[in-house]
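Q: Predicted model, plus sequence, below.
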Amino acid sequence: MRAMDGVTDRSAYRLDNCSIERTLAVLGEKWTFLVLREAFNGVRRFADLQTNTGAPRQVLSARLTRLVEEGLLRKVPYQEPGQRQRDEYRLTQKGVDLYPILVSLMHWGDRYVADPEGPPVLLTHRGCGALIEQRMHCADGHDVASPQEVSPRPGPGARLRRPAAVG
């Protein structure tokens with residue numbers, strides 16, 4: 001590991017196993033986030049997901065299939081009296097773990113792209129009614145207020161680039 005002024009020289013490492021890139025390969029599409037928004041709000045049935053997201057039927061079907069394949073949602077059969085069996089879509093733990101990401105996106109949107117009147121939704125703690133806030137902190141409990149307070153360093157999955165062949 002080479003360092004310049006205490007910061008790791010990232011050019012020495014490959015980026016082909018970047019966790020951000022891999023996450024975006026699963027999530028990086030508008031309809032996926034809207035389906036997850038609805039799932040976090042307890043919406044489980046295809047017709048309700050379609051109504052609430054406005055997604056075209058084929059697009060929604062493809063997104064739900066992908067989210068099930070990726071293990072973010074699971075299908076649970078149900079049947080209304082006199083109707084054929086259908087599936088509900090429920091969050092798995094892997095899906096639930098995305099909640100802070102969606103809340104971060106929402107808070108960013110509330111700050112930068114909401115209507116002049118303010119955000120359309122406020123998240124409050126069910127126990128006391130206070131607004132939900134998100135903060136980053138290190139494992140020792142120190143608040144981390146900006147990217148300037150963070151030092152990226154190689155993790156256990158870091159891969160060195162191969163040096164160019166000398167001819």
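A: Here it is on my side, so go on.
Q: List the buried residues for stretch 41-55?
A: Under the neighbour-count criterion of 16 or more other C-beta atoms under 10 Å, stretch 41-55 has 43-44, 46, 49-50, 53, 55 buried. Quick note: C-beta positions are derived from backbone N, CA and C, even for glycine.
Q: Which positions in the host helix or strand of residue 75 come out as buried?
A: Taking DSSP states H and E as the definition, one finds residue 75 inside strand 73-78. The neighbour-count criterion (16+ other C-beta under 10 Å) identifies residue 73 as the buried residues of strand 73-78.
Q: How about exporting stretch 74-92 as CSV, limited to the C-alpha atoms?
A: Included here for stretch 74-92 are C-alpha records, laid out as CSV according to Å, rounded to 0.1, in the frame of the first residue of the first chain:
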residue,chain,number,x,y,z
ARG,A,74,-39.6,-12.7,-1.6
LYS,A,75,-42.8,-13.9,-3.0
VAL,A,76,-45.6,-15.0,-0.7
PRO,A,77,-48.7,-16.6,-2.2
TYR,A,78,-52.1,-15.4,-1.3
GLN,A,79,-55.6,-16.0,-2.7
GLU,A,80,-58.7,-13.9,-2.4
PRO,A,81,-62.0,-15.9,-2.2
GLY,A,82,-63.1,-17.0,-5.7
GLN,A,83,-59.9,-15.7,-7.3
ARG,A,84,-56.7,-17.5,-8.5
GLN,A,85,-53.6,-17.6,-6.4
ARG,A,86,-51.3,-14.6,-6.7
ASP,A,87,-48.1,-13.5,-5.0
GLU,A,88,-47.3,-10.7,-2.6
TYR,A,89,-43.9,-9.2,-2.5
ARG,A,90,-42.3,-8.8,1.0
LEU,A,91,-39.0,-7.4,2.0
THR,A,92,-36.2,-9.8,3.1
